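Test case, fold it:
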Amino acid sequence: TEIECQAPLPPLNGRLLTSGPFKMWDVARFQCDKGYVIVGSPLVACQPEGSWSSTPPVCRVGCGYPELTVPRGQFSPIKFYYQPGDTVLATCAPGYFLQGEDKLACSSNGTWEGTPGNCTLAM
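Below you'll find the model as predicted:
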């Protein structure tokens, strides 16, 4: 008979994006709800013995790397997951300076607060 894995349970505050039946080497993919960040692998594979390659991920309240952009700049520190209360600083590429706010804060609902400034060519 063909090996199958039982559908993995979706994480709390997340969902399973793929549907079964899951046969050997099929992959299950997970995603977290808005305001939550996936911790662990978003993918698990059905193994030859009928088990999953790893445990499903968890979804934690938090922020991912900011989607807001600072042209000719970046945010630091660079991390995959920021907890509520964490902050990032905007820095500009060499030869540019920041006009406006330099800080964003991860809020308790998993969104970034603040408006980053712009990097302007130094004269």
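
Report how many residues lie close to the closest residue to residue 31 other than its chain neighbours.
Leaving aside its chain neighbours, residue 31 sits nearest to residue 17 (5.4 Å; criterion: CB to CB, 6 or more residues apart in numbering). The way it works is simple: take the backbone N, C-alpha and C, and place the C-beta from them, glycine included. Number of residues near residue 17 (other CB atoms under 10 Å) recorded here: 12.

Kindly report the domain assignment for this structure.
4-61, 73-121 (automatic domain parsing).

Next, the distance between the ends of the first one.
Using CA to CA, to the nearest Å, one end of domain 4-61 lies 33 Å from the other.

What of the last one?
Using CA to CA, the span of domain 73-121 from its first residue to its last is 11 Å.

Now do the same contact list for the residue nearest to residue 31.
29-31 (CB atoms under 8 Å, 6 or more residues apart in numbering).

any idea which of the residues you listed has the most stuff around it?
Going by other CB under 10 Å, residue 30 tops these with 23 neighbours.

all helices of the chain, in order?
Counting by DSSP state H, the chain yields no residue ranges for helices.

And for it, the residue most distant from the center?
Distance to the chain centre peaks in the chain at residue 1, reaching 38.1 Å (criterion: CA atoms, centre = their mean).

quick one: low-confidence ranges for the chain?
68 (pLDDT under 70).
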